[in-house]
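Novice: Quick one, what's the 3D model for this:
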Amino acid sequence: MRDARPDDPGAPRYARHHSLAGFGVTGQRRLAAARVLVVGAGGLGSPVISSLAGCGVGHLVVMDPDVVEISNLPRQLIHTEAAIGTAKVTSVQRAVAAQNSGVEVSALPERLSVTRALELVAEVDVVVDCTDSIEARYVLNDACVLLGVPLVWASIAQYAGQFGVVEPAVGPCYRCVFPDPQAVAGLATCEEAGCSECCRACSARCRPSR
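Specialist: Have a look, this model is predicted:
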């Protein structure tokens, strides 16, 4: 009889995954062993975190410096009224524990910096950028390119949205598509924001050979 522990890749809760051709228990074991960094636990991060936890990704590293506010609740569905005033990452920990106790959550109630980006990206298999900060998006992009870690990013504004996947050394990165941060949102360049080292590394990696 299969072990029914929630952290067991063979558990009945993952039965629909097991029946997927080319996935099965082997694929579920890979999910259970995976580490994913999610930066931002708001409107984008909420469904991402819930989906990853439901699928059985073994370890989620969630970073967000904000606390839950009542105005967040209509769209940030992982949070509840009971969580108002608490750190979003603490709210996420509680929600994930209730959804899938086999998933570990490392909660980081802090703002992203270049140094932390390099430290955290080096320790995970995939990064998901759910921030609302253009500066953070370039920092995460550059760190992922530098370290060879896949990045999934998304953004929304009013009724429009964008998303993309960066697979270093395979296709273009975010900076390749949007090379000028000022053109994207009228913000300071990454050099001015203090991430010139990562920027130069990304440019060197992504520059086409001639």
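Novice: Name the helix or strand of this structure that has the lowest mean pLDDT.
Specialist: Within the chain, no helix or strand scores below helix 190-193, which has a mean of 42 by mean pLDDT, DSSP states H and E.
Novice: Following the chain onward from the longest helix anywhere in the chain, which element is next?
Specialist: Across the chain, the longest stretch assigned as helix under DSSP state H is helix 134-147. Sequence order places strand 151-157 as the next helix or strand after helix 134-147, per DSSP states H and E.
Novice: if you average pLDDT over the next helix-or-strand element following that following strand, what comes out?
Specialist: Toward the C-terminal end, the helix or strand that comes next after strand 151-157 (DSSP H and E) is strand 160-166. What strand 160-166 shows for mean pLDDT is 91.
Novice: Output strand 160-166 as CSV, restricted to C-alpha atoms.
Specialist: Presented in CSV, the C-alpha positions along strand 160-166 are these (Å, rounded to 0.1, in the frame of the first residue of the first chain):
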residue,chain,number,x,y,z
ALA,A,160,-3.4,44.2,-19.7
GLY,A,161,-0.7,41.6,-18.9
GLN,A,162,2.6,40.1,-20.1
PHE,A,163,4.6,37.1,-19.3
GLY,A,164,7.7,35.4,-20.5
VAL,A,165,10.2,32.6,-19.8
VAL,A,166,14.0,33.2,-19.8
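Novice: Show me what it is packed against.
Specialist: With contacts taken as 3 or more C-beta pairs under 8 Å, 6 or more residues apart in numbering; DSSP states H and E, strand 160-166 sits against helix 134-147, strand 151-157, helix 174-177. C-betas here are computed from N, CA, C, even on glycine.
Novice: Identify each buried residue in the shortest one, please.
Specialist: Which is helix 174-177. Y174, R175, C176 (16 or more other C-beta atoms under 10 Å).
Novice: Show me how far stretch 163-178 is from its chain's centre.
Specialist: 15 Å (C-alpha atoms, centre = their mean, to the nearest Å).
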